[in-house]
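In: no FASTA, just this:
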Ligand SMILES: Nc1ncnc2c1ncn2[C@@H]1O[C@H](COP(=O)(O)OP(=O)(O)OP(=O)(O)O)[C@@H](O)[C@H]1O
Ligand SMILES: Nc1ncnc2c1ncn2[C@@H]1O[C@H](COP(=O)(O)OP(=O)(O)OP(=O)(O)O)[C@@H](O)[C@H]1O
Ligand SMILES: [Mg+2]
Ligand SMILES: [Mg+2]
C-alpha cells in the first residue's frame, strides 16, 4: 500500500486550474522525483498535496487517511513535511527561532533535534542568532531544510532543495537527502537539477503542462532519449 | 416637525438650521425644542394660519450645514432660524441663504465678523455679538471682583478664540493686565500643564472659556492641584447645572457670564417652556424662540413666503406697534400681523430690536454662579445690559 | 454568502462587461443616484427647482470628491504613496488662494487683509502652494516606507490645521504685506471661485457681450422653469464637472504612459525599479507633487466656494472620506474612483441625511425618553413607543452607525473595490491584445489605442 | 516587502547625510536643555512648574504608550493599522465601567442608570466614591472586567469584520476598521448620549516639596503649607516652604502597570512559543501554516492580548483622568499612532518610549512656545524629524518585540 | 588603475573594474577588499561558496548597498557612489538572485518598464503632440518585449500578473527583463537556478550570441559545469575575498578552490 497516493487530482489557484488529473504515488521509504519544464505544475502539485493550492477534484490519501484539502496547518500533523520553493524561511527571525518553528507541533523540542540539524548544517550552528533575512541564498536554503527536519516526518516534500547551493553543498544536500531517505523517510522532490536527482531516486515523474507525461524508475527516465531531449537538457 | 397642518387660508413656511447632532448637540437639541415650541404654538393657536416647519440638522459642521440649508432652500423655505454656530451660519449664508434670497435669523452666532457681511439685509440675529460679552466679563471682573491681573484659558476653536480676544482687549482697556493667554484642545488627556502655564504668574482672576464637556475634566484637574479660592470667571459654555456635581466640588469660586434671556417676555416664555418640556429653558433657548417668533411675524406681515419680503418686515414687527406681542400671545400676534395690523414683538431673551446690520441694538447678560441647592442649579447674581 | 450576492453579481457582471465604456458606467450610476434623490425629494416635498438643486448638489459633491479621489489614486493607486495628509494639502490650497485674493484693505475691520490678487491668479497660487507643500514634505518623507510615510503626512496635516488655528498666524506681516489665516474664526474667501459664475451672470465681467450671453442663459433657464439661484448653482456645478473631466483625462493619460508604468513599478518594488535604471525618488516626488496640486484644486473649488473656511474643516475625517472614495471605487482604477465618489456622496454621506429628513418630515414622533434604559423599561412594560421615539431621536448617531456598517459590508463583499479587478492599461498602447503577428506592417500599423 | 529588507541598509553617503540631520537635531535639543538649566538656575522657570510639566507629560505619555501597546501588536502581527483601536478602547471602558458601577453601586441607583453610567439620572461623579485607595476592590474588579470585555470585543470584531478579510490587502482592512470606528463610536452615543461624565472621586495625593527648607512629602499642598508632612527628610536644603510636585495614587498605578505590561509583553513575545508563533505568522503566514502553526488561533490570541492591554489602558486612563466621553479613544488615536510609529511599529518598548516622548513634548514645550496651540504641532514635528533620522522609528527594524 | 591581467597579455581597458570593495554588516564582513576586472565582450564567471559575498558584491557595484570602501569603474567612468539608477543608466544592469518580479503588473508590463528607451516624463504623457511621439517609441518597445518573451518561452503568460508565475518562470522573467533594459553589461546572479536544463541551454546560446555582439556578462552560478563550459574567465570568492581568478581550467585545478568550493572536506 502506498504511503502517499494522489489520484486524478485537479488543482490550481482560485478559478485557475493548473493540474489536470494528476496521479502520483510514493511508497513508504521511497524516494521519488518530479521533473518537468518551468511552469509545468510541479510546485502546484506539491502545494495541492499540502493544501496550499486549491484542490478542485480527485483525492490525496496519506497513510490510508484522506487528507484532501485538510486545513493547511494540520497537514504536518499527518507526518508530511514540506519545504516550499519560495518563501521557505521566516526572514525576520533568527536561525534558532526558525528551527523552533520547524518543531512547532511538538510540545517540547528535544535538544537532540537541534543538534542533529546543526550537525547536518554546521554553518548554521555558527549563526544561531543571525536574522535569516540577512543570510546568503544558500544559507537560507539550509535553514529551510533544517526547519523541515526538526520533525521526523514520514514523507518529506522538497521543492528544488539544491537551487542556489554551491556544488559541494549540492552534493552534500543530495547525500543528506539520501541519508534521510535511508533513515526511512520517504522523499518526494521536485528538482531542476534533474539528472542528479533522477540518478539518485527510486522513481521519477515527468510533468508537463499540468499533466502526467512520463513515469518510471529514475534511471529509465534518464536513459529515455525523448525525455532527455525535452526536459533534461540533452 | 412643528406641525404641518394647514388649517387656514395661509401657511407660513419656515425652517431651522440647528445642531441636533454633533459637537453642539447638547445645547442644540433644546434650541430645536424652543423653536418648535414657537411653531406649534402658532400652528395650534392661530385659526386662519398654519405653520409648516422643516427642521434641519446642521450636525454642527459647515459642510453638513450647507447641505441641510440647501435642502431647506429646495423645499422652498423662505426663512430659517439658524445657523447656530458662527462658522455654520456664515457658510450657509454665503452658499445658500444669500444666493437664494432666504431670510436667516441666528439665535446664537456671536462672531463680530457677521455684522459686516454683504447680506442683502437678509441676515439677522437675536443674540448680541462677542464684543459685548467680552466687555461684560471685563467690567464685572475689574469692578465687582476687583481683579487687576488675569489669565485666560480658552478652548482652541472659533468660539473660544473670539471670546478670549474680546475679553483680553476689554480687560486691558479697563486697566487690567492679562498675564497669560493659553489655549487648549477639547478632550485632552490632561489639562494640568495648560493650567500650570496659565496661572504661573498667580493672577487675581482665571478666565476659563470653553464648553461643559471639556470643562468637567479641566476643573477636575484644576481643583486637584490649585487653589479653590482663586476667582474664576467662565462663560455660557459652562452654564450647565450638572458641572459641580461632575467635578465633585462646590465651585463657589466660579462665576460665569452668559447672554441672558432677559426680555420683557421672559417669564411668559419660561412658563410655556416649563409646561411643555418640564424643564428650565437652557442657554440660547429664549433667543431661539424669539428668532422663530420674529420670522413668523415678519412672514405673516409680508403675507408671502418670500425671503426678501420677510426681511423687509423684520424691523417693522419688532418696533413698537399697536399690538404688543410677546411669547404668550404669539399666535394672536401672528394672526394680527397677517391681517395687516401693526404689531410689536417683545422678546423672551431681549427687547429684540435690530440695527441696520441686523444685529441687536442692546444685549443683556447675566453673571451667574453655580448653586447646587437651588432647583435650577444656577443662580443669577447680576444682569448687565450693554 | 448572503442575500446581497445576486445584486453584487449583477453589478459585477455589468462592470466586467467590457463593451460598456467607462463613461456609460458613470452616467448609469449617476442616473440611478438621481432617481434615488428624486424619490427623496418627493418625500421632502421639494418643488421642481428644489429637485434640480438637490441633484445639482449631489453632482457637485460627487465631482469634488472624485477630483480629490483621482489625485489620491495617482499617489496611492499608481505609485503606492500612502498619503494620509490629504486634509492638510487641501487646507494649504484653500488658504493660499484665500490669502492671495483677500483685499489689501478689507472693508470690515474684523476681516483679515491679504494680497488682493485676482481670483484666477489666486486659484493658480493655491494649486501651486499645495504642490509646493507636497514637494517639501516629499523631500524627507518619500524615503520612508509606506506606514511611516503615512504617519508623517498625517502629522503634517495636523501641524497645518493647528497652525492655521493659532492666534499667532491670525494676522502677520511679511515684507510689508499684511495677511493672515484668520485663526479659529476662519478666513473669509474673497476669491470664492463660485463668485466667478455669479459675476458672470451679474455683470458679464463688465463685458457687454458676455453680459448679454449670461442674460440669455438665465432666460433660457427661466423658460424651463429654473430660477436664477438654481441656474447659478447649476452653472458652477457644470464648471466643476468640466474640471473633473479634465482631471480624469489628465490622470488617465498619466497612468497609461511610460510615466504611469514606472509609477506602478515603484508601487510594486521600488528597489527593483531603481535597479532597472529609474530615478524612483524623482518619479515619486513628481507623482506626489502633481497629486497634491490636484488636491489643492479640488479643495479650492469645493471648500473655496463656501465663502469662509475654518481650520476645523480639515480634520482627519476629511482625509478618511477621500480614502473611502478610492477604496470603494477600486484602487488604481480612475473610473472606479469616480464611481466611488458617486456612491460615497450619495449613499454614505448625503443619503442618510436625506433619509432622516424624509422620516422627520413625514412622521410625527413623540418626545423621546431621556435614556435608552427608560425606553427599554417601557418596552418591558409593553409600550414600544418610547423606544421608537428614542431611536428617532438618535437618528443622527445611528446615521454614522449605518455608515460604519455599510463600509464594512462593502469592503467585505468587494475587497478590491467595485472596479479594482480591472487591469488598467500601463501603456499608451493596448497591451491586452495578443502579439501583433510579425507579418503585419510592424510599427506604425494599426495598433488600437486606448484613448 | 520582506525581500527588500535585505537590502535597505544605509551606506556611507546616507549615513553621513543622516548624521548631519541628527547632529543638528541633537544640537538643537542640547541647546534647549542648556536654556532650560539656565532658566531653572535663574529661577525664571520655577522648578515646581517644570516638575509639573514633566510629570504631567510623563503621565500623558504613559497613557499613550499603554494604549499604544495593543495597537503596535495588532499592527505588526496582523499587518494593518487598526483605526478602530481608539474606539475599541472607549467601548471597552464604557461597558467595563458600567458593569463595575452595577456591581459596586448596587442599591445607590437604578441598575439601568448605573449601567448607562448615569444617563437619564442624577447619578454622577464621585457618587460611588471609587478611587484606588477608597475602593481598591472596585478598581481591581473593574480593571479585570474591562480587560476581559475589551478582549471579548476585539475577538468579536475579528470574527465578524476582519476574519472575512484575511486575504485582503492591508489598506482594505484599514478601511474596514474605519467602518468599525464609526460604528462603535456612534453606537456609544446611541446608548450613552454624547456628554462627558466623571466616574471617579478625587484620589489620594502626595505632594513633594520643602517645608522650612526641609524636603517633605505631604498629603496635599494645603497640608504642606500647614506643616503637616507625613515624611520628612531631615536635611535642610534651603529655607522656604514650597510644593514642588503633586502626584496621585491613580497616576502611580498607571506608571506601575505601564512598565509592568511593557516588560511582560516583551518577554511574552520574545520568549514564549505563542509569541514566537505570532512573529512567525507576521513574517510568513503561509509557511507558518505549513509548519503546523494554527494561524487562526494565533490571530485570535493576538486580538485577545491586544484587547486585554487596550482594556487595561482604557480603564486606567479613565481612572487617572476621572472622566470619560465617547470620543476619548478616537481623540487619543492620532497621538497613539504617533507614539507607536515614533517608537517603531511592533516594538513594545518603542510604544512606551514613543508615548513618553510625545507626552513630554506636548507639555514641556510650553516652556518655550509663544502659544500653547503649537504644542501638538511640535510633537508631530519631532516625530517627523525622528523618522527622517531613523526611518524605522527608535526601536524599529525588528518585526515584533 | 591597477594592472591586473591573468595571463600577462597586453590589457585593453577593462569594461568593469572593481578595486578594494568592502562591506561589513554589523560584525559580518561580507566583502573584504575585493578587486577584479571584467573585460569587454567576455563572459566572466563569479563563483564561490554560499555566503562568500557574491551577491553583496553585486549590490555594492550597483550601489544598491553603499560599500564601505572601494571604487567601481565602468566603461572608464567612475560610478562609485552613483545612485543605483544612474549606475543602471550607464549600461550596467543586474538581476536578483531571488527573482523580484513586479507582482501586480503583467509580464508584458514588467518587460516594458525595463526599457530605457522610453520617455518617462509626465509632460509627454499628457500633451497631445508629444504623446504621439511616445507611442511610436512604445510600439518599438512592445515589439522588442514580445520578441524577448518569446525567446524565453514565457510569451504565453505575457498577460498574467507576474506574481502568479512559477519559480522558474520568475527567473526567466528576471533575466528577460534585464535584457530588455538594453545594457552593455549584465550582472547575473544565479540566473539559471531553477530553470529547466533544456531551456537553460537555449538561453546560454542566446547569451553567447550577445557576447559576440559585444555584450559583457558577469555571471554568478553554482553549476560548475556551466561556468567551465561557457566562461572565458572565472573569479572565485571565498569569505569576502577574491581567492583565485583565471581561465576555467586553471581555477578548476587550483587547490584552494577545490578546498573551499568544489568539494573537499572543508565546506566553508
Ligand atoms: N543585509 C545584510 N545584513 C547582514 N548580513 C548580510 C546582509 N546581506 C548579506 N549578509 C551576509 O553577508 C554574507 C555574504 O552574503 P551574500 O549574499 O553576498 O553571499 P553569496 O556569495 O551571494 O552567497 P549565495 O551563493 O549563497 O547566494 C553572508 O554571510 C550574509 O549572511
Ligand atoms: N499563486 C498562483 N496563482 C495563479 N497562478 C499560479 C500561481 N502559482 C503558479 N501559478 C501558475 O501555475 C503554473 C504552474 O506553476 P508551478 O509553480 O506549479 O510550476 P513549476 O512546475 O513548479 O515550475 P518551476 O519549475 O518553474 O518552478 C504556472 O503557469 C504559473 O503561472
Ligand atoms: Mg516550482
Ligand atoms: Mg547570492
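Out: That came in fine, so what should we check first? Keep in mind it's a predicted model, so treat the numbers as computed, not measured. Residues are numbered from 1 along each chain as shown, chains lettered A, B, ... in the order given. Ligands and ions are numbered 1, 2, ... in the order given.
In: Only C-alpha atoms from now on, for both contacts and neighbour counts.
Out: Noted.
In: Let me see the ranges of the strands in the stretch 51-200 of chain D.
Out: Along the stretch 51-200 of chain D, counting by DSSP state E, counting those that start in this stretch, strands occupy D:197-198.
In: give me the low-pLDDT residue ranges for it?
Out: Across the stretch 51-200 of chain D, the ranges flagged by pLDDT under 70 are D:124-126.
In: so how many other residues sit close to the residue of it found nearest ligand 2?
Out: In the stretch 51-200 of chain D, no residue comes nearer to ligand 2 than residue D:167, which is 12.6 Å away by CA to the nearest ligand atom. With neighbours defined by other CA atoms under 10 Å in any protein chain shown, the count for residue D:167 comes to 11.
In: how long is stretch D:319-332 end to end?
Out: 16 Å (CA to CA, to the nearest Å).
In: now what about it, what contacts it?
Out: B:187-190, B:216-217, B:220, D:64, D:84-91, D:131, D:185, D:188-189, D:194-202, D:250-251, D:254, D:318 (CA atoms under 8 Å, 6 or more residues apart in numbering or on different chains).
In: Pretty sure residue C:429 sits against residue E:140.
Out: No: contact between residue C:429 and residue E:140 fails when scored by CA atoms under 8 Å: they sit 11.0 Å apart.
In: out of those two, which sits in the more crowded spot?
Out: The neighbour comparison of residue C:429 against residue E:140 (other CA under 10 Å) goes to residue C:429, with 21 against 15.
In: and chain A, what are its domains?
Out: A:1-79+A:154-234, A:89-152 (automatic domain parsing).
In: now those as CSV including mean pLDDT and mean neighbour count?
Out: Listed next are these as CSV, based on pLDDT from 0 to 100; neighbours: other CA atoms under 10 Å in any protein chain shown:
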stretch, mean pLDDT, mean neighbour count
domain A:1-79+A:154-234, 90, 20
domain A:89-152, 90, 20
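In: what about these, which gets the closest to chain C?
Out: With CA to the nearest CA as the measure, domain A:1-79+A:154-234 is the member of the domains of chain A nearest chain C (14.0 Å).
In: ok, that closest one near chain E or not?
Out: Yes: applying CA under 8 Å from any CA of the partner chain, one finds domain A:1-79+A:154-234 touching chain E at A:36-39, A:41, A:43, A:160, A:163-169, A:191-194, A:229-234.
In: Check the offset of that domain from the chain's centre.
Out: Relative to its chain's centre, domain A:1-79+A:154-234 lies at 7 Å (CA atoms, centre = their mean, to the nearest Å).
In: Helices of chain A, start to end?
Out: In chain A, the helices defined using DSSP state H lie at A:42-49, A:72-75, A:95-102, A:111-120, A:122-126, A:137-149, A:167-182, A:194-200, A:218-223, A:225-227.
In: of the ones you listed, which approaches residue B:100 most closely?
Out: helix A:72-75 (65.5 Å; CA to CA).
In: What is the closest one packed up against?
Out: helix D:285-290 (3 or more CA pairs under 8 Å, 6 or more residues apart in numbering or on different chains; DSSP states H and E).
In: so what does the helix it packs on touch, helix or strand wise?
Out: helix A:72-75, helix D:273-283, helix D:295-321.
In: got the buried residues for the second one?
Out: Translated: helix D:273-283. For helix D:273-283, the buried set under the neighbour-count rule, 16 or more other CA atoms under 10 Å in any protein chain shown, comprises D:273, D:274, D:275, D:276, D:277, D:278, D:279, D:280, D:281, D:282, D:283.
In: Show the contacting residues for the fourth one.
Out: With contact set as CA under 8 Å, 6+ apart, residue D:276 has these partners: A:97, A:101, D:269, D:270.
In: Read off the pLDDT value for the third one.
Out: Per-residue confidence (pLDDT) for residue D:269: 87.
In: leaving aside the residues next to it on the chain, what's closest to it?
Out: residue D:275 (3.7 Å; CA to CA, 6 or more residues apart in numbering or on different chains).
In: repeat for residue E:155
Out: Residue E:155 sits nearest to residue E:149 (CA to CA, 6+ apart), 4.8 Å away.
In: For the one you found, give me its contacts.
Out: Neighbours of residue E:149 in contact, by CA under 8 Å, 6+ apart: E:155, E:158, E:173, E:176.
In: And residue A:77, by the same measure?
Out: A:105, D:292.
In: with the contacts of residue D:276 in mind, which one is nearest to ligand 2?
Out: Using CA to the nearest ligand atom, those come closest to ligand 2 at residue A:101, 23.8 Å.
In: ok, now how distant is residue C:90 from residue B:313?
Out: 42 Å.
In: who's more crowded, these two?
Out: residue C:90 (32 against 18).
In: Wait, that one touches residue C:301, no?
Out: No: assessed by CA under 8 Å, residue C:90 is found out of contact with residue C:301, at 10.4 Å.
In: ok, so what distance separates the residue minimising distance to the centre of chain A from residue B:210?
Out: Note on chain A: the residue nearest the mean C-alpha position is residue A:158, at 1.4 Å, using CA atoms, centre = their mean. Going from residue A:158 to residue B:210 by CA to CA gives 69 Å.
In: Residue D:305 now?
Out: 38 Å.
In: Which one of those two is surrounded by more residues?
Out: residue B:210 (28 against 22).
In: Any residues of the stretch 101-250 of chain E in contact with ligand 3? List them.
Out: Contacts of the stretch 101-250 of chain E with ligand 3, taken as CA under 5 Å from the ion, map to residue E:167.
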